[in-house]
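Peer 1: I would like the atomic coordinates for the input below:
(one chain, ligands or ions: 1)
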Amino acid sequence: MKLPKGNLNQKSFQQRRSLERAGVDPKCIKEQIRVLGLDVVPTWWHESDTILKRCEEGLAILNRLAFCPVGREVRRALYRSRVMPLVTWGAWLRPLPARVVKQVSQLYRSLSRGHPMGSKPLRTILEGHHADSSFLSLHQSVQAAQRAHKFRRLRWRNSPSPAGWQHALVRGLSEYGWTPQRNWILQHPQEGQCNILHDGAAVLHKVRESWRCSLFAEFLSQKRRDSNLLRQQVGYDHMSCKVARCLYESSGNHGRAVLVGAALSSAVYCRIRKEPVPFHCSWCNQQEAADWDHLVWHCPAFAGSRPASMPQSSMASRMAWPPRSYSKRSAEKLLHHMAAVREQVMERLS
Ligand SMILES: [Zn+2]
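Peer 2: Numbering: from 1, shown residues only. Here you go, the predicted structure:
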């Protein structure tokens, strides 16, 4: 038997004893070995040395990027092309360590100028799945399993190995609402049933949708002013989300702030500064609280950019996630208006 780098992988103390009795040099018996860039480890909860090293390198690049004198778009592009492939490649049979996911997320938010007052799950949706290290490693895991299945059929087992594909995929996908049915067929409340090994690109699309759906539900459950307002009124709409993602990519700082829920009214800034909120709008001098609804939809001071009618959807009227009935032009006009309100509110604060 040909042994990679002359080392043997021990799975248990008993195996180690057996190998020693068989005359194998104890120095050659390792807890984990590396084969074609992947670490073979005894159990799924063992951290892989190679993946940890890749994560360290990725975090070092992120730290250097934070001080790089380049714009936001260049930083985002470097993050996606240099850091994410390094951190996520090979993390297929076990999740990335939670502390690495947290560090990567925090550093990325800082270098991409993510709005701290915005909703983290909404920002994660809009930044895209390529920016979420935890989900991207699962996405790559599904792709790798589909490739492996084409090469050699993967069997579905009633008692799967904790270090195998079945355990990794079922465990990872269950975080996004998928439940196993039979023979690699999983069920999702919104996406329905699919065979995760056979359906190729279609299944990857469904997995990404389930990730967005799950993040949107997380946003609605947050203890935030906008989440509390919208919880009973809206649900995840993939068409609205698709247009919102396009708008996020093409809009400036204030537009992005509106889409992630970081656009605040003059009244809220009074509360943040622990000042009494006057029942008087300083923008139009009317006896109205200068809350977001008033500024965006009723205040005469912002009438110039305001669309002719207020959208029925609360997600649209508050955060500019456009309803299905909106054309691209109407969606852009709505976001442009709300971004203009946010810009003027911020200018007055500074
Ligand atoms: Zn007003």
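Peer 1: would you mind listing what in the protein touches the ion?
Peer 2: Cys281, Trp283, Cys284, Cys299 (C-beta under 5 Å from the ion). Glycine gets a C-beta too; all of them are placed from N, C-alpha and C.
Peer 1: redo the residues you listed as TSV? Include pLDDT.
Peer 2: What follows is these, written out as TSV (pLDDT from 0 to 100):
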residue	pLDDT
Cys281	95
Trp283	95
Cys284	95
Cys299	96
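Peer 1: residue of the stretch 1-150 of the chain closest to the ion, please.
Peer 2: Of all residues in the stretch 1-150 of the chain, Met117 sits closest to the ion, at 21.8 Å by C-beta to the ion.
Peer 1: assumed that residue was part of a helix.
Peer 2: No. Counting by DSSP: H, G, I helix; E, B strand; the rest coil, Met117 is not found in a helix; it is coil.
Peer 1: nearest residue to it in space, please, no chain neighbours.
Peer 2: In space, and not counting its chain neighbours, Met117 is closest to Ala262: 4.2 Å by C-beta to C-beta, 6 or more residues apart in numbering.
Peer 1: how's this structure carved up into domains?
Peer 2: 31-222, 233-349 (automatic domain parsing).
Peer 1: pick out the shakiest of these, pLDDT-wise.
Peer 2: Ranked on mean pLDDT, the bottom entry among the domains of the chain is domain 31-222, at a mean of 87.
Peer 1: one step back: in a markdown table: the domains of the chain, plus distance to Glu20 and mean neighbour count.
Peer 2: As requested, the domains of the chain are exported to a markdown table (distance: least, C-beta to C-beta, whole Å; neighbours: other C-beta atoms under 10 Å):
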| stretch | distance to Glu20 | mean neighbour count |
| --- | --- | --- |
| domain 31-222 | 15 | 17 |
| domain 233-349 | 56 | 17 |
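Peer 1: redo the ones you listed as JSON lines? Include distance to Val24.
Peer 2: What follows is the domains of the chain, written out as JSON lines (distance: least, C-beta to C-beta, whole Å):
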{"stretch": "domain 31-222", "distance to Val24": "13"}
{"stretch": "domain 233-349", "distance to Val24": "54"}
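Peer 1: what sits up against stretch 230-243?
Peer 2: When contacts are defined by C-beta atoms under 8 Å, 6 or more residues apart in numbering, stretch 230-243 is touched by residues 125, 190, 209, 212-213, 216-217, 220-221, 313-316, 318, 321-324, 326, 328, 331.
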